[in-house]
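K.L.:
no sequence on this one, just coordinates:
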């Protein structure tokens, strides 16, 4: 399967770096240690890409002692592209995987990781621009669901809430879940294989601020 990155893709990545949409990942971005609350990593099931992503993430935090490491991997083919209902790859399984990982591990930090080249995006003719747009929309959808759970988690976790011994225990569980999901925070990253395989922090604020020139540049590259 031809999953190569095009010259236009490389130029677009360079442009996004230049205008500050894609920023270098620093130690402060990463929360995969116990002191920082841990991290749920939403990634594609592509083992080669994940190995690069994870190695880069560990390098950026320095050497993490095994006993201090706290990360949970939510991996399905397509990764965060499965979160948006606008995506041809939409699958609620990814949302559930992340949400139950947050609950089971009590980790409120979620990192959404996109990448190029992406085989699933290639199969569905998802361009690099669309790839990023769908990840952004998926993050929005995930946060919206978490906000709903912070208000009323009973239906979503009905089976778990039934596992109680007293009414007091039930009430405490509900309040604990509400508190956990009210604290959920997300961050987006993009792993670009442009010869050096680097991960970048995806700045939503800069993307929104410069959306018009971003789309203009994409059109110019594909004329």
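P.N.:
Right, received. Where do you want to start? Quantities reported herein were computed from a predicted structural model and do not represent experimental measurements. Numbers count the residues shown, from 1 in each chain.
K.L.:
Tell me the secondary structure at the most centrally placed residue in the chain.
P.N.:
Nearest residue to the geometric centre of the chain (CA atoms, centre = their mean): residue 112, 0.8 Å. Assigned with DSSP: H, G, I helix; E, B strand; the rest coil, residue 112 falls in the strand class.
K.L.:
quick one, what contacts it?
P.N.:
Residue 112 makes contact with 42, 79-80, 83, 135, 138-139, 142, 186-189 under the criterion CB atoms under 8 Å, 6 or more residues apart in numbering. Bear in mind the C-beta positions are built from the backbone N, C-alpha and C, glycine included.
K.L.:
how about these in JSON lines, adding neighbour count, secondary structure and pLDDT?
P.N.:
JSON lines is the format used below for those (neighbours: other CB atoms under 10 Å; DSSP: H, G, I helix; E, B strand; the rest coil; pLDDT from 0 to 100):
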{"residue": "42", "neighbour count": "30", "secondary structure": "strand", "pLDDT": "94"}
{"residue": "79", "neighbour count": "30", "secondary structure": "helix", "pLDDT": "94"}
{"residue": "80", "neighbour count": "33", "secondary structure": "helix", "pLDDT": "96"}
{"residue": "83", "neighbour count": "27", "secondary structure": "coil", "pLDDT": "98"}
{"residue": "135", "neighbour count": "25", "secondary structure": "helix", "pLDDT": "97"}
{"residue": "138", "neighbour count": "28", "secondary structure": "helix", "pLDDT": "98"}
{"residue": "139", "neighbour count": "21", "secondary structure": "helix", "pLDDT": "97"}
{"residue": "142", "neighbour count": "23", "secondary structure": "helix", "pLDDT": "97"}
{"residue": "186", "neighbour count": "20", "secondary structure": "strand", "pLDDT": "95"}
{"residue": "187", "neighbour count": "19", "secondary structure": "strand", "pLDDT": "93"}
{"residue": "188", "neighbour count": "22", "secondary structure": "strand", "pLDDT": "95"}
{"residue": "189", "neighbour count": "26", "secondary structure": "strand", "pLDDT": "93"}
